[in-house]
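Novice: Kindly return the folded structure for what I paste below:
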Amino acid sequence: MANELNIQLDPFLEAGLTLLAKVFNQAGAQQGSDAAMTESSTGFYTADFSLASIADGAYTVKFQTAAAFYGSGILNVKGNAEVILSTFDPASDAVTTDTASRDASKADVSDLATTASITALNNISTNDIDLRLNAYDAPTKAELDSAVAPLSTFDPESDVIENSFTHNDLMKIQTAALAGKVSGSPDGPILIKGVDGTTTRINATVDEDGNRTAVTLTP
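Specialist: Below you'll find the predicted structure:
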């Protein structure tokens, strides 16, 4: 009896849980008592479960806390021991020509991977799903803001881009130049209003050739 029950959960969100494992047969009857799980590494939980009185077959294992369901798995048992259906390592295991041993090995697991055993894995009640959904703790706005804050410290309201102008200041001046009303052309001074229609964003003095000789910018 050693770590027959185990599950890997999210190491970031699901560590430090008080997790229980419950074993059910294909009829839905619980086998033995709840198994208290130990977190052997971050998010990886294991538990010992006595197979001394467990009949051969495939069993559904449900992993949950007192308030939430965290997943399920299958425990295969043969001769009061856990059976791993596939342990063959093609890199190191020899291929035998002993057909009797081969057939005996096949017989050992022939009754485990049945349709019923696969169906048992999906034997999750709506209550299990509700517990899982109710346990979901969505991040708050403050938590999201805190997570995003380190990504950028640029503040368009206060950080200066050029001379004394901030990003927002320059946007007002640029939009005035592109879309604002113009007066005083061609002799000057040329006045360009902001998109608000009232604020003079650009006041330009020009010479006889229309060249700007002085410019006053008002964001």
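Novice: where does the protein dip in pLDDT?
Specialist: Counting by pLDDT under 70, the chain has low-confidence residues at 1, 85-117, 119-123.
Novice: That one: helices as residue ranges?
Specialist: Taking DSSP state H to define them, one finds helices in the chain at 99-109, 115-121, 126-134, 141-148, 167-179.
Novice: which strands and helices sit next to the longest one?
Specialist: It stands for helix 167-179. With contacts taken as 3 or more CB pairs under 8 Å, 6 or more residues apart in numbering; DSSP states H and E, helix 167-179 sits against strand 160-162, strand 190-193, strand 200-206. C-beta here means a position set from N, CA and C on the backbone, and glycine is covered the same way.
Novice: Restricting to C-alpha, output it in PDB.
Specialist: Provided in PDB are the C-alpha atoms of helix 167-179 (Å, rounded to 0.1, in the frame of the first residue of the first chain):
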ATOM      1  CA  HIS A 167       1.500  62.600 -24.600                       C
ATOM      2  CA  ASN A 168      -2.000  64.000 -24.100                       C
ATOM      3  CA  ASP A 169      -0.700  67.600 -24.800                       C
ATOM      4  CA  LEU A 170       0.800  66.600 -28.100                       C
ATOM      5  CA  MET A 171      -2.400  64.700 -29.100                       C
ATOM      6  CA  LYS A 172      -4.400  67.900 -28.700                       C
ATOM      7  CA  ILE A 173      -1.900  69.900 -30.700                       C
ATOM      8  CA  GLN A 174      -1.800  67.200 -33.500                       C
ATOM      9  CA  THR A 175      -5.500  66.900 -33.800                       C
ATOM     10  CA  ALA A 176      -5.800  70.700 -34.000                       C
ATOM     11  CA  ALA A 177      -3.300  70.700 -36.800                       C
ATOM     12  CA  LEU A 178      -5.200  68.000 -38.700                       C
ATOM     13  CA  ALA A 179      -8.800  68.900 -38.000                       C
END
